[in-house]
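**Student:** Need the 3D shape of this:
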Amino acid sequence: MAADPLSSIVSALKREQIIPDVLPERTAFTPSVLFSVVYPNGSEANLGNYLNVEETQDEPEIRFAALNGQWDNSAEASYTLAMLDPDAPSRAEPIYRTFRHWLVTGLKSPALTSNSTEALNALKTHPATTPYRPPGPRPNSGLHRYIFLLFQEPTSAQPFAVPQGEPEYGAALEERRSWNPLSFADKYGLKLVGANYFLVRAPEVAPE
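**Tutor:** Model prediction:
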């Protein structure tokens, strides 16, 4: 019998020490939404596969999996997605953990027909709060983990949005450093429901 794909997420996060480096054990994360991250060229994040910098240059789509009618009771649910690098500038010396590569709110699952079993792209209802910045690990900095955390937004009459002027709108390099996704989630009442990641090995350059 095949393993439950949701239960395999936690194992994959522990395999690369994302638990506990980004998600402490005390968070007791239990995934409830399965999603993939698909780049325009077809490259895809798949719980620890290797991609290269060239494959990840353009903003990707978020693709929700239609599992056993999981959207039946959450047609109105909306989500926030954060993309992070906890290994900035390197895993050995992560003084800028975590580096915020992308933050987008208001993601919604697409309408599904009753017999749909296909994964479908999430609807982006408004522009990203933090614009997408592709991976660009500095040479000789080793392996980097690029993590996507999916949070369910609180139900409210008004769509969730980060208030203007908050740090998450900072797009400059130094404004993206040392960001804590769990503190952000606590501040706005967001619930962590999914995670995914890929790996990039930094280029190796011989010393001059």
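
**Student:** where does the nearest residue to residue 179 once chain neighbours are set aside land in three-state SS?
**Tutor:** Counting by CB to CB, 6 or more residues apart in numbering, residue 100 is the residue found nearest to residue 179 once chain neighbours are left out, at 4.3 Å. The way it works is simple: take the backbone N, C-alpha and C, and place the C-beta from them, glycine included. Applying DSSP: H, G, I helix; E, B strand; the rest coil to residue 100 yields a three-state assignment of strand.

**Student:** in its sheet, what does the helix or strand of the chain with the lowest mean pLDDT sit against?
**Tutor:** Sorting the helices and strands of the chain by mean pLDDT, DSSP states H and E puts strand 120-121 at the bottom, at a mean of 81. Its sheet considered, strand 120-121 pairs with strand 61-64 (antiparallel) by DSSP bridges.

**Student:** Quick check: buried residues in the partner strand?
**Tutor:** 62, 63, 64 (16 or more other CB atoms under 10 Å).

**Student:** need the strands for the protein, in chain order.
**Tutor:** 35-38, 44-45, 49-50, 61-64, 78-85, 99-108, 120-121, 123-124, 143-152, 191-201 (DSSP state E).

**Student:** partners of the longest one, with directions?
**Tutor:** The pairing partners recorded for strand 191-201 under DSSP bridges are strand 49-50 (parallel), strand 143-152 (antiparallel).

**Student:** so residue 8 touches residue 34, yeah?
**Tutor:** No: when contacts are counted by CB atoms under 8 Å, residue 8 is not listed as touching residue 34 (9.7 Å).

**Student:** of the two, who's got more company?
**Tutor:** More crowded of residue 8 and residue 34, by other CB atoms under 10 Å: residue 34, with 21 against 14.

**Student:** That one is in contact with residue 150, isn't it?
**Tutor:** No: counting by CB under 8 Å, residue 34 sits too far from residue 150 to count as a contact (9.6 Å).

**Student:** Now list whatever residues contact both of those two.
**Tutor:** The contact sets of residue 34 and residue 150 overlap at residue 194 (CB atoms under 8 Å, 6 or more residues apart in numbering).

**Student:** and the closest residue in space to residue 170 that isn't next to it in sequence, how many neighbours?
**Tutor:** Nearest residue to residue 170, sequence neighbours excluded (CB to CB, 6+ apart): residue 176, at 6.5 Å. Neighbour count of residue 176, defined by other CB under 10 Å: 24.
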